[in-house]
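Q: Just a sequence and a predicted model for now, questions to come.
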Amino acid sequence: MTIKAAVIGDPINHSLSPKLHGFLLQKYNVDGNYSAIHVLPENLAESIKSMVNSGFAGFNVTIPHKEKIFHLCDIKTQNALLTKAVNTVIITENKQILGENSDIAGFLNNLKYHQANFGLQNKTTHVIGAGGASRAIVCGLINSEVKNIFITNRNQQKALALIDDFKEFSTKKHVHLEFLNHENFEKSLENSDLLINATSLGMTGQPSLQLDLKNLNLQAIVYDIVYKPLMTNLLESAKNRGNKIVTGIGMLAFQAIVGFESWFGLNATVDDELLNYLTKL
């Protein structure tokens with residue numbers, strides 16, 4: 001019997017997940033199907049119910065549902081509970097909705113894959129954004145015992161809510177977590193070891209990310225989770241001034257493996273063949 005999985009979001013046309021999973025299904029010769037389903041925020045609960053009843057093994061969740069779907073899950077993993085965001089759903093045999101956050105592994109493994117010699121412990125990091133992806137990234141950074149995480153976001157209240165949610169975890173791990181307004185964030189980039197864009201700004205069809213890198217430490221790594229285009233304006237600017245960069249395509253691939261293995265029941269690996277295939281699409 002064909003195993004069904006999907007990705008849901010609004011918009012959804014930009015998603016490379018169907019091509020990524022299609023590649024893996026073919027590579028590992030799996031009788032499976034992975035589709036993209038456009039789900040409007042107001043139809044989220046109804047759409048999930050329909051997918052459960054239609055026999056889906058699970059699905060990925062992208063913008064803007066990662067935080068809302070958290071509240072619709074019957075079971076939540078520790079990663080999901082920490083981040084209050086879900087990007088991978090596994091539908092259990094008794095039709096319960098299990099929520100996982102594989103963006104944490106996706107973020108960390110992509111950084112390790114491209115910058116193998118860079119250790120996060122005791123580093124100063126700067127994060128743009130306070131949405132679902134940012135929550136996963138902040139969680140991964142705290143778990144890796146960085147020294148500082150500075151966050152900026154257009155909506156200050158959202159960033160402060162994120163910081164409040166991670167207060168206990170960051171205190172336990174001795175990580176300093178602080179909001180900075182745009183101006184102070186740019187000034188403090190001189191101390192940064194890692195700068196991350198965790199927003200959709202700079203993505204094809206989205207407004208561009210406005211950030212002046214003039215103060216950025218030349219030794220800092222710049223990481224953009226956007227993968228369409230692969231080389232965003234932020235990454236181009238960083239590369240031109242001599243900073244090392246990490247593109248977003250690997251984060252997509254590494255987070256996808258978690259769902260793929262759960263739904264289709266076999267191990268898969270991320271390698272240059274997969275990444276090159278995705279960057280040519």
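A: Great, that's in hand. Numbers count the residues shown, from 1 in each chain.
Q: what is the mean pLDDT for stretch 260-278?
A: Model confidence over stretch 260-278, given as mean pLDDT, is 96.
Q: Quote the end-to-end distance of that stretch.
A: 16 Å (CA to CA, to the nearest Å).
Q: got the contact list for that stretch?
A: Stretch 260-278 has contacts (CB atoms under 8 Å, 6 or more residues apart in numbering) with 3, 5, 16, 19-21, 23-25, 27-28, 30, 32, 57-58, 88, 90, 100, 109, 113, 227, 249-250, 252-254, 257. Using the backbone N, CA and C atoms, a C-beta is placed for each residue, glycine as well.
Q: State the next helix or strand along the chain beyond the lengthiest helix in the chain.
A: The longest helix of the chain (DSSP state H) is helix 249-264. Per DSSP states H and E, the first helix or strand lying C-terminal to helix 249-264 is helix 272-279.
Q: That following helix vs helix 249-264, what angle?
A: 110 degrees (axes from the mean of the first three to the mean of the last three CA atoms, to 10 degrees).
Q: starting at the chain centroid, how far to the longest helix of the chain?
A: Relative to the chain's own centre, helix 249-264 is displaced by 11 Å; criterion: CA atoms, centre = their mean, to the nearest Å.
Q: quick one: buried residues of that helix?
A: 249-260, 262-264 (16 or more other CB atoms under 10 Å).
Q: what's the distance between Asn117 and Lys244?
A: 10 Å (CB to CB, to the nearest Å).
Q: More neighbours: which of the two?
A: The residue with more neighbours, out of Asn117 and Lys244, is Lys244; 16 against 5, by other CB atoms under 10 Å.
Q: Could you work out the end-to-end span of stretch 8-24 for me?
A: 19 Å.
Q: what does stretch 189-204 give?
A: End to end - CA to CA - stretch 189-204 spans 26 Å.
Q: Stretch 173-191 too?
A: Stretch 173-191 end-to-end distance (CA to CA) = 21 Å.
Q: again with stretch 84-95
A: First-to-last distance for stretch 84-95 - CA to CA - comes to 21 Å.
Q: same deal with stretch 150-168?
A: Rule used - CA to CA; the end-to-end distance of stretch 150-168 is 17 Å.
Q: Flag every buried residue along it.
A: Buried-residue list, stretch 150-168, by 16+ other CB under 10 Å: Phe150, Ile151, Thr152, Asn153, Lys158, Ala159, Leu162, Ile163, Asp165, Phe166.
Q: those helices in the stretch 151-281 of the chain, which residues are they?
A: 156-165, 167-172, 182-188, 233-240, 249-264, 272-279 (DSSP state H, counting those that start in this stretch).
Q: buried subset of the contacts of stretch 260-278?
A: 3, 5, 16, 20-21, 23-25, 30, 32, 57-58, 88, 90, 100, 109, 113, 227, 249-250, 252-254, 257.
Q: With adjacent residues omitted, what lies nearest to Glu190?
A: Asn215 (4.7 Å; CB to CB, 6 or more residues apart in numbering).
Q: how close does that neighbour sit to Ser15?
A: Taken as CB to CB, the span from Asn215 to Ser15 is 35 Å.
Q: Between those two, point out the one with more neighbours.
A: Ser15 (20 against 13).
Q: which ones are touching that one?
A: Val7, Gly9, Ala36, Thr62.
Q: Just confirm the first one contacts Ile63, I think it does.
A: In other words, Val7. No - the criterion here is CB atoms under 8 Å, and Val7 misses it with Ile63 at 10.8 Å.
Q: So for the two, which sits in the more crowded spot?
A: In this view Val7 and Ile63 are compared by other CB under 10 Å, and Val7 has more residues nearby, 23 against 18.
Q: Buried residues, stretch 223-237. List them.
A: Buried-residue list, stretch 223-237, by 16+ other CB under 10 Å: Tyr223, Asp224, Ile225, Val226, Tyr227, Lys228, Thr232, Asn233, Leu234, Leu235, Ser237.
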